[in-house]
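*Asks:* what follows is a predicted structure for the sequence shown.
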Protein chains: 2
Amino acid sequence: MSIAVPAVLMRGGTSKCWTFDLRELDGLTDDRDGLLLRAYGSPDLRQVDGVGGATSTTSKAALLAPSQRDGVHVEYTFAQIGIAEAKVDWSNNCGNCATVVGLYAVQQGWVAPTGDLTRVMVLNTNTGKLIAQDVPTPGGHPTNEGEVRIDGVPFPGPGIRMGFVRPQGAVTGRLLPTGRAVDHLDTERGPVRATLVDAGNPSALLWGPDLGLDGTELPARVDGDTDLLRVLDQARAHASELMGIAPDRARAAEVSRAIPKLAWLAPSTDQRTLSGEAVRADEADVSARMLSMGRTHPALAVTVSVAVAAAAATPGTVVPESARHRDPLRLSTPSGVLPLWTSSEDGELDTVFVLRNARRLATATLDVPTSAALG
Amino acid sequence: MSIAVPAVLMRGGTSKCWTFDLRELDGLTDDRDGLLLRAYGSPDLRQVDGVGGATSTTSKAALLAPSQRDGVHVEYTFAQIGIAEAKVDWSNNCGNCATVVGLYAVQQGWVAPTGDLTRVMVLNTNTGKLIAQDVPTPGGHPTNEGEVRIDGVPFPGPGIRMGFVRPQGAVTGRLLPTGRAVDHLDTERGPVRATLVDAGNPSALLWGPDLGLDGTELPARVDGDTDLLRVLDQARAHASELMGIAPDRARAAEVSRAIPKLAWLAPSTDQRTLSGEAVRADEADVSARMLSMGRTHPALAVTVSVAVAAAAATPGTVVPESARHRDPLRLSTPSGVLPLWTSSEDGELDTVFVLRNARRLATATLDVPTSAALG
């Protein structure tokens, strides 16, 4: 016997995610794991007898259902489907697959369009976190088309704004852990002004010009400069101490190499991206660069872009006045201009949106053989 | 704009093949190559924005249509879809994708079932060759289930008998190029009886016991025995001369290392496969081993199994009397028992069938963005 399982193949960011209506799925089987594994062709390194793509980024599932909770449209459960191993991992969310949820919900008619852009509130059940998504619905109609491009995907698609809801204080309990909008960090080149902010991830946002950095730096220039890397590490260590992450700056690296994140900002100036494209000063509001594990990031981590947006929404931080109250806030990064949108509630930062894209690739019915293991 | 393209994802043998109704496809576009490339997400090493699987065995298409020709049910065109390169290759057939054609045609209702097994005649347009397929239709109904297993696929599926139509004489013009059912080949261990047969591929089928080979040999035993390999090469060289492939035996290797193929047969006896499974003497009709590029093949090439079946259908060859007129003829190989079916017309060998499997994985509608390049 076999089961006919409705499923939609969506690309979300740089992943492919088979997307299921959880109500339909649960109506077909008592053994979710068993059904998903067999549908994907697992266990098998090649997943040749199923719809899995035999790589970690193409062996993913998004299980969706309309929500009855207040302020939530869709409940979204992520599953990483084992490839060689007959195991489904439900422990994490996937930021790429999350991107497909709002688009799918609008295309399926679960959420009615509200003008050219439709806000969909998504609850990720793996983490309990709320994600806001703005989905394009031009003229009030669902679409599967768009001209938004992201790194790692050579074709454009519908742009999805992914919103981090109330991102502040997750680690330290406060948006500004030191209570100050600007701190001075000690380095062998003297003090550097910085905003220490806990939003997305705890981040130290340096004012680059204090260290002679003008925000046009590309990885090749920074990563070969061991003096500069040492100075930046001194600033990060001091920030870690001030933010209460490490007990003192000498132990910052020992406590965590991952946080706080270190970035520097500078006024937007004419610059070139990693791929050689020119970006004019007036095409961005502020330049941003960051280190990741001691090396210059080729773009900007999403969590750090959230930190920059939070700092821009907060008076007195190192973010230049000219970059405040922008919608979107445009960051000039080594990979190009990254736009960010923020929304506030009662004067408090509520949600920071980044732009990704997603696309429905195929609408399908899977033929899944049953066995004793499948109810 | 985008186009909705009906497509079925089939596994054929060890490949995945998206299968299209050629009439529907041609009704949607004047640019087949452009449409297929965009549907698969090419050019892109990851094919992340399309349904391609980003490997050569998962970036294939089968374009099918019912045929008006006498004795042909389905015309089948194979396309290898480029991955990093925006190129579709129409120059070859693919034996794996060929396996899906009959199953698809019966499932789509193009060919009406005729009892428990339905014969579908397929014309491959890339090569002009006819392929006969016996598709399971238990009780006269299409199915997508079965218990047949093949190497490289960890799940069972519907067994498809793939038929090589009139395989004899393709290279030399005759089934028995020497005009004799048995020849004697010279070796340093004395003469060896052999049937030299041109079917599937020109093959020298030795009678193993003449060289002390009992047909239970596994690669580890043969490939370390340089004396034996030299003797087998002497037999192959003489066969090449007798079959008219090389002008004389000294030049056999120079003319072709690929043909004639060399195999040896022996009475079926109790033996173990490469994976250690026991095969009893009465589970097979004859034992078969072959060399491929000077090494023992882990199973038996399909073309050589066709040669053995042709020899079994021909009076007086080295195939033991007990292995004649079997349906199926069961060959004991290092990978297990390989069944073969033959059909004759007017007393002449007509078709040799091997057993593969295939399965429909998903029935889909692809969402393919259009561009200026797509009409």
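*Replies:* That came through fine.
*Asks:* can you pull the pLDDT of the closest residue to A:I259 other than its chain neighbours?
*Replies:* Once flanking residues are discounted, A:I259 sits nearest to A:P202: 4.8 Å by CB to CB, 6 or more residues apart in numbering or on different chains. From N, CA and C alone the C-beta is placed, and that goes for glycine too. pLDDT, A:P202: 94.
*Asks:* report whether stretch A:74-93 contacts chain B.
*Replies:* No. Applying CB under 8 Å from any CB of the partner chain, one finds stretch A:74-93 separated from chain B by no less than 10.3 Å.
*Asks:* and the residue nearest the centre of chain A, how close does it get to A:G13?
*Replies:* Chain A has A:V302 as the residue nearest its centroid, 4.5 Å off, counting by CA atoms, centre = their mean. Distance, A:V302 to A:G13, using CB to CB, to the nearest Å: 10 Å.
*Asks:* who touches both of the two?
*Replies:* Common neighbours of A:V302 and A:G13 (criterion: CB atoms under 8 Å, 6 or more residues apart in numbering or on different chains): A:G95.
*Asks:* quick one: contacts for the residue nearest to A:I259?
*Replies:* Contacts for A:P202 were tallied using CB under 8 Å, 6+ apart; they are A:171-172, A:177, A:196, A:243, A:245, A:259-261, A:307.
*Asks:* repeat that with 7 Å
*Replies:* A:171-172, A:243, A:245, A:259-260 (CB atoms under 7 Å, 6 or more residues apart in numbering or on different chains).
*Asks:* ok, back up a step: would you confirm that the residue nearest to the centre of chain A contacts A:V354?
*Replies:* Yes. Using CB atoms under 7 Å, A:V302 makes contact with A:V354 at a distance of 5.5 Å.
*Asks:* pull up the residues of chain A that are close to chain B.
*Replies:* Contact residues, chain A versus chain B (CB under 7 Å from any CB of the partner chain): A:2, A:9, A:11, A:14, A:16, A:44, A:48-51, A:53, A:144-145, A:153-155, A:157, A:359-367, A:369.
*Asks:* if we can go back for a sec, can you redo the contacts of A:P202 as TSV with distance to B:L37?
*Replies:* Compiled in TSV, those are given as follows (distance: CB to CB, whole Å):
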residue	distance to B:L37
A:V171	46
A:T172	50
A:M243	50
A:I245	50
A:I259	43
A:P260	45
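*Asks:* which one of those residues is nearest to B:T77?
*Replies:* Using CB to CB, A:I259 comes nearest to B:T77 of the contacts of A:P202, at 56.3 Å.
*Asks:* can you confirm the closest one is in a helix?
*Replies:* No. Judged by DSSP: H, G, I helix; E, B strand; the rest coil, A:I259 forms no part of a helix; its state is coil.
*Asks:* next, count neighbours for it.
*Replies:* 22 (other CB atoms under 10 Å in any protein chain shown).
*Asks:* let's test this: mean pLDDT of the top strand by length along chain A, rounded?
*Replies:* Ordering each strand of chain A by length in residues (DSSP state E) puts strand A:348-369 first. The pLDDT scores in strand A:348-369 average 95.
*Asks:* which helices and strands does it pack with?
*Replies:* Using 3 or more CB pairs under 7 Å, 6 or more residues apart in numbering or on different chains; DSSP states H and E as the contact definition, the elements that strand A:348-369 packs against are strand A:2-12, helix A:32-40, helix A:100-107, strand A:159-165, helix A:302-312, strand A:336-345, strand B:348-369.
*Asks:* can I get it as CSV, trimmed to CA atoms?
*Replies:* Extracted in CSV, the C-alpha atoms of strand A:348-369 (Å, rounded to 0.1, in the frame of the first residue of the first chain):
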residue,chain,number,x,y,z
GLU,A,348,9.8,50.7,22.1
LEU,A,349,11.5,48.8,19.4
ASP,A,350,9.1,46.0,18.5
THR,A,351,10.3,44.2,15.4
VAL,A,352,13.3,44.3,13.1
PHE,A,353,12.8,43.1,9.6
VAL,A,354,15.4,41.8,7.2
LEU,A,355,14.8,41.1,3.5
ARG,A,356,15.1,37.5,2.2
ASN,A,357,13.3,35.7,-0.6
ALA,A,358,11.4,32.5,-1.1
ARG,A,359,9.6,30.8,-3.9
ARG,A,360,7.2,27.9,-4.5
LEU,A,361,9.0,25.5,-6.8
ALA,A,362,6.4,22.7,-7.2
THR,A,363,3.0,21.7,-5.9
ALA,A,364,2.9,17.9,-5.5
THR,A,365,1.4,14.7,-4.2
LEU,A,366,4.0,12.4,-2.9
ASP,A,367,3.6,8.6,-3.2
VAL,A,368,4.8,7.2,0.0
PRO,A,369,5.0,3.4,0.4
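*Asks:* what lines up beside it in the sheet?
*Replies:* In the sheet, strand A:348-369 lines up against strand A:2-12 (antiparallel), strand A:159-165 (antiparallel), strand A:336-345 (antiparallel), strand B:348-369 (antiparallel) (DSSP bridges).
*Asks:* for B:Y104, which of those strands is the nearest?
*Replies:* With CB to CB as the measure, strand B:348-369 is the member of the strands paired with strand A:348-369 nearest B:Y104 (7.3 Å).
*Asks:* tell me the buried residues in the closest one?
*Replies:* Using 16 or more other CB atoms under 10 Å in any protein chain shown as the test for burial, strand B:348-369 gives B:349-364, B:366-369.
*Asks:* now the closest residue to chain B within the stretch 251-375 of chain A, which residues is it bridged with?
*Replies:* With CB to the nearest CB as the measure, A:A364 is the residue of the stretch 251-375 of chain A nearest to chain B, at 3.8 Å. Going by DSSP bridges, A:A364 is paired in beta bridges with A:A7, B:A364.
*Asks:* that one contacts B:L366, doesn't it?
*Replies:* No. With contact defined as CB under 7 Å, A:A364 and B:L366 do not form a contacting pair (9.1 Å).
*Asks:* could you give the bridge partners of A:V122?
*Replies:* With DSSP bridges as the rule, A:V122 is bridged to A:V74, A:I131.
*Asks:* what's the distance between it and A:G169?
*Replies:* Counting by CB to CB, the gap from A:V122 to A:G169 is 21 Å.
*Asks:* before we move on, what about A:V8?
*Replies:* Applying CB to CB, the value for A:V8 to A:G169 is 36 Å.
*Asks:* how far is the host helix or strand of the residue nearest to A:I259 from where the chain is centred?
*Replies:* For A:P202, the host element (DSSP states H and E) is strand A:201-207. On the basis of CA atoms, centre = their mean, to the nearest Å, strand A:201-207 sits 17 Å off its chain's mean C-alpha point.
*Asks:* between helix A:302-312 and that strand, find me the angle.
*Replies:* Inter-element angle recorded for strand A:201-207 and helix A:302-312: 60 degrees (by axes from the mean of the first three to the mean of the last three CA atoms, to 10 degrees).
*Asks:* tell me which other helices or strands the following helix or strand past strand A:201-207 touches.
*Replies:* Using DSSP H and E, the helix or strand that follows strand A:201-207 in sequence is helix A:219-223. Applying 3+ CB pairs under 7 Å, 6+ apart, one finds that helix A:219-223 contacts strand A:295-296.
*Asks:* got the CA positions of stretch A:229-240 in CSV?
*Replies:* Provided in CSV are the C-alpha atoms of stretch A:229-240 (Å, rounded to 0.1, in the frame of the first residue of the first chain):
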residue,chain,number,x,y,z
LEU,A,229,42.9,42.4,14.5
ARG,A,230,44.6,42.6,17.9
VAL,A,231,43.2,46.1,18.5
LEU,A,232,39.7,44.9,17.5
ASP,A,233,40.0,42.0,19.9
GLN,A,234,41.0,44.3,22.7
ALA,A,235,37.8,46.3,22.1
ARG,A,236,35.7,43.2,22.0
ALA,A,237,37.2,41.9,25.3
HIS,A,238,36.5,45.2,27.0
ALA,A,239,32.9,45.1,25.7
SER,A,240,32.4,41.6,27.0
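*Asks:* higher neighbour count, A:V122 and A:G169?
*Replies:* Neighbour count, other CB under 10 Å: between A:V122 and A:G169, A:V122 has more, with 23 against 15.
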